[in-house]
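> just need the structure, nothing else, for what follows:
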Amino acid sequence: LSLSPSSFYSCIDTCSPVKERQRLHALLGLPLTRPMFRRLCAVALHQAKPHEHLRCPHLSLAPAGVPGGREYIVQGLYEYYHYLQDAFDDNGWGCAYRSLQTICSWFLLHGYSARHVPSHREIQQLLFDMKVMQADFVGSRQWIGSMELGWALQNWFQKDFELETSYITNIPGQDMPAKGRGSGFFADFFIIGVVLRSE
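You can find the predicted model right below:
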């Protein structure tokens, strides 16, 4: 089987791109759950610059070792964003911004979007434009939580695809352990996988 790149891309750009990609997925027996025939998914034979962020650091960790446990771990590539990176001091308030940047890198690296990973200021401007924050929020050192992270994530990619975020709201915050709330030392962590044990 051979595909002519020029005819393929001219059809993708002029025909119904979604239908043509679905046809190619069916023809090649590929899943419909991930984009594989978009310009963003082209294999880069050279890279303009090396990664500035760690890629998939969880791969170097030992398994959790929970007896009877089953691991559920992020699939695919992502870049790990952490406070104090990019010559930007967000120590003490930037953890959710960095979590959002990490999530955005996953969508970028998997071809769902060509949008760059947003800066703190872009995230703040987006939340202000959505009318969930006041004007003095933009350019501030104010932290955001998971609700703002979800709203920003949905709106950052709204031109590329529909994304729905959901929240666990049945446990009052004061009843959650510190690790679940993300307070203190644990505020700097971002979940990339879980281990479940049925009991």
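> what about Glu71, which helix or strand?
strand 70-73 (DSSP states H and E).
> helix or strand right after that strand?
Next element after strand 70-73 (DSSP H and E): strand 79-80.
> packing partners of that next one?
On a contact count with 3 or more Cβ pairs under 8 Å, 6 or more residues apart in numbering; DSSP states H and E, strand 79-80 meets strand 54-55, helix 95-109. Just so you know, the C-beta spots here come from the backbone N, C-alpha and C atoms, and that holds for glycine as well.
> tabulate these in CSV, adding columns for distance to Gly76 and mean pLDDT.
Shown next, in CSV, are these (distance: least, Cβ to Cβ, whole Å; pLDDT from 0 to 100):
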stretch, distance to Gly76, mean pLDDT
strand 54-55, 11, 90
helix 95-109, 7, 92
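> what's the most buried one of these?
helix 95-109 (a mean of 21; mean count of other Cβ atoms under 10 Å).
> quick one: residues in contact with it.
53, 74, 76-83, 85, 90, 113-118, 120, 123, 143-146, 148-149, 152-153, 156-157, 160, 182, 187-188, 190 (Cβ atoms under 8 Å, 6 or more residues apart in numbering).
> using PDB, write out every CA atom in it.
Presented in PDB, the C-alpha positions along helix 95-109 are these (Å, rounded to 0.1, in the frame of the first residue of the first chain):
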ATOM      1  CA  CYS A  95       1.900  24.300  40.600                       C
ATOM      2  CA  ALA A  96      -1.500  24.300  38.800                       C
ATOM      3  CA  TYR A  97      -0.200  26.400  36.000                       C
ATOM      4  CA  ARG A  98       2.600  23.900  35.500                       C
ATOM      5  CA  SER A  99       0.200  21.000  35.700                       C
ATOM      6  CA  LEU A 100      -1.900  22.600  32.900                       C
ATOM      7  CA  GLN A 101       1.200  23.200  30.900                       C
ATOM      8  CA  THR A 102       2.100  19.500  31.300                       C
ATOM      9  CA  ILE A 103      -1.400  18.400  30.100                       C
ATOM     10  CA  CYS A 104      -1.200  20.900  27.100                       C
ATOM     11  CA  SER A 105       2.100  19.400  26.100                       C
ATOM     12  CA  TRP A 106       0.500  15.900  25.800                       C
ATOM     13  CA  PHE A 107      -2.200  17.300  23.400                       C
ATOM     14  CA  LEU A 108       0.500  19.000  21.400                       C
ATOM     15  CA  LEU A 109       2.800  16.000  21.200                       C
END
